[in-house]
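Engineer: this is the structure alone, sequence omitted:
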């Protein structure tokens, strides 16, 4: 477990990178609920993210779900590998980022530690 990873109530994880960007993906809990992931529609490079608002979708054989922006910012990169192999999220959700973004506000107080996230999903 990487202690730098933070979590949202919308089952996203974010990891601060050394260059000031954040990597974002979905949690193991989320991928387990979704089942076999077959498609990821990540926000495009340059997209303005609004914290707590939908910014993309992820589809599985069971259902589809919105990706919820973890923070306000601008998307700088999407994980192109997921276009052809979205199942990588199922195989290793915390190692498979969906998009990278640069936050525009210092608002990470809505993010949770691993322990806080575990309390959320177990209640």
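Structural biologist: Received it, and whenever you're ready, just let me know what you need. Quantities reported herein were computed from a predicted structural model and do not represent experimental measurements.

Engineer: spatially central residue in this protein, please.
Structural biologist: The centroid of the chain falls nearest to residue 25 when counting by CA atoms, centre = their mean (2.6 Å).

Engineer: OK, contacts around that residue?
Structural biologist: By CB atoms under 8 Å, 6 or more residues apart in numbering, the residues touching residue 25 are 12, 13, 89, 93, 94, 96, 97, 98. C-betas here are computed from N, CA, C, even on glycine.

Engineer: and the gap between residue 99 and residue 118?
Structural biologist: 24 Å (CB to CB, to the nearest Å).

Engineer: low pLDDT regions in the protein?
Structural biologist: Scanning the chain for pLDDT under 70 picks out 1, 107-108.

Engineer: and residue 99 and residue 118? which has more neighbours close in?
Structural biologist: Comparing residue 99 with residue 118 by other CB atoms under 10 Å, the one with more neighbours is residue 99, at 26 against 13.

Engineer: thanks a lot, see you next time.
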